[in-house]
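Q: the sequence isn't on hand, but the structure is:
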Ligand SMILES: [Zn+2]
Ligand SMILES: [Zn+2]
């Protein structure tokens, strides 16, 4: 798919933003020179990019080409059809995502989106999504944070690919307790019924690409996919910036996530 041409007005606005807020590295926050884009060369060399074989279902890294599915997807049935991730949710990238969400670093999002589009490019002609749908955030949480990062990511991806964003077709009806400390079953239960879809808006589409920042157990993605399938969507793909490495990392995350970053 050819990248959409960026309008002159859009470019001028971005140049103006660059002058007002000089770009910083998304990982170490060092001020960037004119040629670097989003990430300084040192950090770029250490990004936890997923390069090897991945799970055919959820995009998590797997041990070898012979392994079609990750341990998680072999054990649990997901509602979505297929998804991809750019990075593993580890190291500097994980801290970067934390700052993006909790410290208002929205300026990282264009870099994240560009990386996602780069990974999506070879796949999009096969998936052919008609629209992008961001994972919704409850309005109270959005008001508190000031933005829904999934929505901003989807808008950036849309700007680069020309695939439109369908913003209000899926919305969050319930403010859930924090998912971080919950296991798989509790996450799924906690999320059950918390999204609702607008059948009126969705009925004209058959293939959708869900956009989010982080994939952990897939519970959020499955909940969204459940609602979309019920609304008649035939194929549901997703793209995320980062994904958990697998069961072992998830078990570690449960115990250390909050201590590390709060
Ligand atoms: Zn850096
Ligand atoms: Zn998988």
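A: Sure, I can see it. The structure displayed is predicted, hence computed values, not measured ones. Numbering: from 1, shown residues only. Ligands and ions are numbered 1, 2, ... in the order given.

Q: okay, and the helix or strand of this structure with the least pLDDT?
A: Within the chain, no helix or strand scores below helix 247-261, which has a mean of 37 by mean pLDDT, DSSP states H and E.

Q: what parts of the stretch 1-150 of the chain come near ligand 1?
A: Listed as neighbours of ligand 1 in the stretch 1-150 of the chain under the rule CB under 5 Å from the ion: 25, 27-28, 40, 43. Any C-beta I mention is one placed from the backbone N, CA and C, and that applies to glycine too.

Q: show the buried residues in those.
A: 25, 27, 40, 43 (16 or more other CB atoms under 10 Å).

Q: tell me which stretches of the stretch 151-262 of the chain form helices.
A: 184-191, 199-202, 219-230, 247-261 (DSSP state H, counting those that start in this stretch).

Q: now do the second one: everything it contacts.
A: Defining contact as CB atoms under 8 Å, 6 or more residues apart in numbering, one finds that helix 199-202 is touched by 166, 168-169, 228, 231-233.

Q: and those, which are buried?
A: For these, buried by 16+ other CB under 10 Å: 166, 169, 228, 231, 233.

Q: just the residues you listed that are near ligand 1?
A: Applying CB under 5 Å from the ion to these, none is adjacent to ligand 1.

Q: so who does the closest residue to residue 91 other than its chain neighbours touch?
A: The shortest distance from residue 91 to any non-neighbouring residue, by CB to CB, 6 or more residues apart in numbering, is to residue 48 (5.5 Å). Contact partners of residue 48, counting by CB under 8 Å, 6+ apart, are 87-88, 90-93, 242.

Q: can I get those in CSV with pLDDT?
A: Shown next, in CSV, are the contacts of residue 48 (pLDDT from 0 to 100):
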residue, pLDDT
87, 97
88, 96
90, 95
91, 91
92, 91
93, 93
242, 97
